[in-house]
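[1] prediction below, plus the sequence it came from.
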Amino acid sequence: MKQAMVKVAALLLMMQLLGGCASEPAAPNPGIKESFHTEISANGSKRFTYVLEIAAPALRGPYTQSASERARMGKQYEGFGRPRRVNFDHALQLKLQETGFCRDGYFVIDRAVSPQGGELRGECREGAER
């Protein structure tokens, strides 16, 4: 009887440990870097700069000397090695929701976006609360 209780207690402890590991936050996406800087001026205006960078994977050159073999591999791995595309506007909206900055939207001051990321400077429609 005592041995069965020890087994049950050990099983419950293992379940709690596994449950705790499963509830850990997701790891950040490898190859994606983002930064979000805010500024509140003396007159209460709120500005931010959001930068998103996607690193292109480093790939080695062709693995064979045959042109036909390289062409076959190219078709097989079509798109492999191209930089990932991320929806910049969607990533920005997620960051604004996460931080609670610019709850009433924003004006774009400067914007530069490419398939590998981008940068946006903006000013919130609402001012800072005092």
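    Perfect, thanks for sending it. Numbers count the residues shown, from 1 in each chain.
[2] is residue 106 in contact with residue 122, as I believe?
    Yes. Contact criterion C-beta atoms under 8 Å: residue 106 and residue 122 qualify, at 4.1 Å. Backbone N, C-alpha and C define where each C-beta goes, glycine included.
[3] what touches both of those two?
    Residues touching both residue 106 and residue 122 by C-beta atoms under 8 Å, 6 or more residues apart in numbering: residue 48.
[4] mind listing the strands for this structure?
    32-40, 46-54, 106-114, 117-124 (DSSP state E).
[5] residue 48: neighbour count?
    22 (other C-beta atoms under 10 Å).
[6] any idea what it is bridged to?
    residue 38, residue 122 (DSSP bridges).
[7] measure it to residue 109 for me?
    10 Å (C-beta to C-beta, to the nearest Å).
[8] who touches both of those two?
    121, 122, 123.
[9] most neighbours among the residues you listed, which one?
    residue 122 (21 neighbours).
[10] my guess is it meets residue 105, correct?
    No. Contact criterion C-beta under 8 Å: residue 122 and residue 105 do not qualify, at 9.2 Å.
[11] ok so, going back, quick one: which of the shared contacts of residue 48 and residue 109 is nearest to residue 114?
    Residue 114 has its nearest neighbour among the shared contacts of residue 48 and residue 109 in residue 121, at 15.9 Å by C-beta to C-beta.
[12] separation between the closest one and residue 3?
    Note on residue 121: its distance to residue 3, by C-beta to C-beta, is 67 Å.
[13] residue ranges for the helices of the chain, please.
    Assigned by DSSP state H, the helices in the chain fall at 2-22, 67-76, 88-99.
[14] just checking, residue 128 touches residue 46?
    Yes. Judged on C-beta under 8 Å, residue 128 makes contact with residue 46 at a distance of 5.5 Å.
[15] more neighbours: which of these two?
    More crowded of residue 128 and residue 46, by other C-beta under 10 Å: residue 46, with 19 against 12.
[16] leaving out sequence neighbours, find the closest residue to that one.
    residue 124 (4.0 Å; C-beta to C-beta, 6 or more residues apart in numbering).
[17] nearest to residue 100, of the shared contacts of residue 48 and residue 109?
    residue 122 (14.9 Å).
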